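Peer 1: Here's a sequence, model it:
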Amino acid sequence: MLSSAPGYTYLVTAILGVLSHLLIFIRGEWHMQAPTLVKIYSLTAFALLIVEYRLGADVNTSFKTTTFAISSYAAGLFSSIIIYRKCFHRLRHFPGPWVAGATKFWHVWQCRKGKNYLVLENLHQQYGPVIRTGPEELTIIDAAVPLAVDGPGNECTKAVWYDFLLPEIALNTTRSIKDHNSRRRIWDRGFSPKALAIYEERVVEYAEVLAKQIERLAYQGAPVNVSDWFYWFTFDVMGEFAFARSFGMLQDEKWHFAVHLLRKAMSLLGPFSPVPWIAQIAFYITPWMYVVRDWLAMMQWCRDRMGERIQAGKPPPDVSHWLIDASLQKVSLEADREWLNGDAVTIIIAGSDTIAPTLVFAFYELARSPWHQDKLLSELEGIDIYDRVQLQGCVHLTAIINETLRLYPPVPTGGYRQSPPSGITINDIYIPGNVTIVAPRYSLARLDSSYECAEQFIPERWTTRPEMVKDARGFAPFSQGRFNCVGKSLAMSEMRFVIALLVRKFKVGFWGEDRGEKLFADLRDQFTAAPGRLDLRFQVRG
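Peer 2: Coordinates of the predicted model:
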């Protein structure tokens with residue numbers, strides 16, 4: 001009976017905890033095994049309780065003995081982990097908060113309000129350009145990092161965060177370079193010049209609906225909540241590209257329930273991005289929890305819509321058409337369902353949750369700086385905005401978009417990379433192997449070493465004042481190298497057209513006393529940026 005020799009029992013279980021760390025958990029990745037480990041430990045505790053009771057102990061003694069045995073095991077395990085991480089780990093010499101080297105739970109607490117972009121920027125101000133923000137994580141705020149981890153010839157891979165979507169898998173979440181390259185070839189077919197021409201026609205259709213709705217509100221003298229309308233527009237467009245059908249939000253003037261689920265589910269990524277293993281536990285053990293339930297419901301909705309899209313055959317080509325067609329040609333449709341489901345989620349999130357916030361912040365700056373509206377209106381004079389090539393030649397329009405992407409990156413802190421096993425050297429600093437590297441775009445955009453007046457919105461830095469860009473290496477809004485955004489051309493065309501259409505048709509200003517305070521107060525970093533409410537006044541030009 002364990003209770004007959006409690007001191008010996010607790011010493012043994014504590015030693016087992018230490019050995020579990022030194023012989024097992026110190027090696028490899030364990031985030032995907034987290035649900036299994038929780039089940040194993042729970043069953044072990046229950047088994048100890050039953051054994052102790054069957055050997056003659058009463059219920060209270062059995063429960064007490066089991067609790068102390070498990071606690072001593074946990075004490076040994078976590079003591080070993082913390083001592084190793086703080087005293088022997090290969091990242092122990094890098095600066096950062098003391099607790100960050102021991103556990104990522106401190107980061108979860110810091111991100112509880114979805115302000116990770118500010119958390120990392122504050123750490124940058126306190127500790128410098130290289131900060132240990134986790135036991136096996138470095139945040140590096142240096143313009144050289146994006147090229148070093150994503151540029152040609154690099155051997156970095158995507159970090160454990162990208163397993164978030166499993167068992168579904170997608171082009172932008174697979175950590176296998178081989179699988180990524182194979183899938184990317186299929187996606188490239190879906191974004192050929194011929195396919196882009198078809199997609200852009202649909203963008204124009206929905207943008208005109210958006211403009212008509214804004215015009216109606218303008219004549220009514222009502223404010224336009226662009227934080228809603230731009231998201232409704234981008235999600236309606238991406239619904240067409242993913243499932244060959246719109247969400248209908250521009251017409252209905254309200255959130256579609258599935259998109260509402262998605263937006264609530266994305267809030268998981270705010271506090272829990274630092275600890276993806278907790279999300280795995282929640283998905284498999286507590287699927288009934290509020291936000292987890294929303295995430296799983298959203299994923300099931302996407303699976304159902306992709307199933308309907310497959311059954312629909314071949315409507316006018318959308319992005320899913322090319323993905324489904326590739327599976328049909330390989331006679332691997334069922335085997336590829338997890339890829340198709342994952343890619344559908346990717347289309348929706350990557351195409352909506354990145355373009356919409358960029359449009360919101362672009363119009364915030366246009367309302368804040370009316371002279372940019374005048375300059376843009378002058379540039380658009382004589383331009384056929386329905387001609388993509390002519391719009392591409394509008395340098396101030398493109399500069400406004402680039403400056404918005406710089407100052408308000410749609411992915412403020414995401415894009416985690418893992419260093420190769422042999423390690424990597426960045427600016428003479430050696431980063432050991434298998435370390436997560438974070439290069440927050442929000443902070444990179446505010447480096448005085450890269451930009452003059454880094455905190456200010458100055459589109460001319462990309463046109464007539466190139467001296468204001470000292471080091472452009474940190475500016476990679478669509479990533480680069482093998483992981484660059486496959487939809488970059490479409491995204492730029494979409495943003496150019498919407499901005500050109502609305503600026504030509506309306507004069508934009510702030511509504512009431514709010515000058516963007518709510519926009520920033522409620523801004524959330526949940527992998528993609530989720531801006532707060534922004535009400536603007538749109539006046540139809542004469």
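Peer 1: just so I have it, where are all the helices in the stretch 351-500 of the chain?
Peer 2: 355-368, 370-380, 388-392, 395-407, 441-444, 488-505 (DSSP state H, counting those that start in this stretch).
Peer 1: Surely E200 and L490 touch.
Peer 2: Yes - the criterion here is Cβ atoms under 8 Å, and E200 meets it with L490 at 7.3 Å. (C-beta placed from N, C-alpha, C; glycine too.)
Peer 1: Looking at these two, which is more packed in?
Peer 2: Neighbours around E200 and L490, counted as other Cβ atoms under 10 Å, are more numerous at L490. The numbers are 21 against 17.
Peer 1: Return the distance of that one relative to R185.
Peer 2: L490 sits 18 Å away from R185, going by Cβ to Cβ, to the nearest Å.
Peer 1: looking at the chain, which residue lies furthest from center?
Peer 2: Within the chain, the residue lying farthest from the chain centre (Cα atoms, centre = their mean) is G56, at 54.3 Å.
Peer 1: Assumed that residue was part of a strand.
Peer 2: No - membership of G56 in a strand is not supported by DSSP: H, G, I helix; E, B strand; the rest coil, which gives coil.
Peer 1: list the contacts for T66?
Peer 2: Contact partners of T66, counting by Cβ atoms under 8 Å, 6 or more residues apart in numbering, are L2, A45, L48, L49, E52.
Peer 1: Max pairwise distance over the residues you listed: which two?
Peer 2: The largest separation in the contacts of T66, counting by Cβ to Cβ, is between L2 and A45 at 12.3 Å.
Peer 1: Mind checking which of the two has more residues around it?
Peer 2: When neighbours are counted by other Cβ under 10 Å, L2 comes out ahead of the other of L2 and A45, with 21 against 15.
Peer 1: Low-confidence stretches in the stretch 351-500 of the chain?
Peer 2: Low-confidence segments of the stretch 351-500 of the chain, defined by pLDDT under 70, are absent.
Peer 1: picking up where we left off before, so can I have CSV of the helices of the stretch 351-500 of the chain showing distance to G474?
Peer 2: Formatted as CSV, the helices of the stretch 351-500 of the chain follow (distance: least, Cβ to Cβ, whole Å):
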stretch, distance to G474
helix 355-368, 18
helix 370-380, 23
helix 388-392, 24
helix 395-407, 9
helix 441-444, 4
helix 488-505, 17
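Peer 1: Nearest to A472 among those helices would be which one?
Peer 2: Nearest to A472, of all the helices of the stretch 351-500 of the chain, is helix 395-407, at 9.6 Å by Cβ to Cβ.
Peer 1: So what touches that closest one?
Peer 2: Contacts of helix 395-407 from elsewhere in the structure, counted by Cβ under 8 Å, 6+ apart, are 358, 361-362, 365-366, 372, 375-376, 379-380, 391-392, 445, 451, 455, 457-463, 475, 477, 492, 495-496, 499-500.
Peer 1: ok, now stretch 250-269?
Peer 2: Among residues not part of stretch 250-269, those counted as contacts by Cβ under 8 Å, 6+ apart are 114, 164, 206, 209-210, 213, 228-229, 231-233, 235-236, 247-249, 279, 291-292, 294-295, 297-298, 301-302, 348-349, 353, 524, 526-528, 530.
Peer 1: how distant is it from the center of its chain?
Peer 2: From the chain centre to the centre of stretch 250-269 is a distance of 16 Å (Cα atoms, centre = their mean, to the nearest Å).
Peer 1: Stretch 467-487 too?
Peer 2: Worked out by Cα atoms, centre = their mean, stretch 467-487 lies 17 Å from the chain centre.
Peer 1: OK, contacts around G342?
Peer 2: Neighbouring residues of G342 by Cβ under 8 Å, 6+ apart: L165, E168, I169, A170, T173.
Peer 1: Quick one: end-to-end distance for stretch 524-541.
Peer 2: Taking Cα to Cα, to the nearest Å, the first and last residues of stretch 524-541 lie 34 Å apart.
Peer 1: which parts of that stretch are buried?
Peer 2: If you call a residue buried by 16 or more other Cβ atoms under 10 Å, then stretch 524-541 has these buried ones: 524-531, 533-538.
Peer 1: and what of stretch 241-250?
Peer 2: For stretch 241-250, using 16+ other Cβ under 10 Å, the buried residues are F241, A242, F243, A244, S246, F247, M249, L250.
Peer 1: same question, stretch 252-264
Peer 2: Residues of stretch 252-264 classed as buried by neighbour count (16+ other Cβ under 10 Å): W255, H256, A258, V259, L261, L262, R263, K264.
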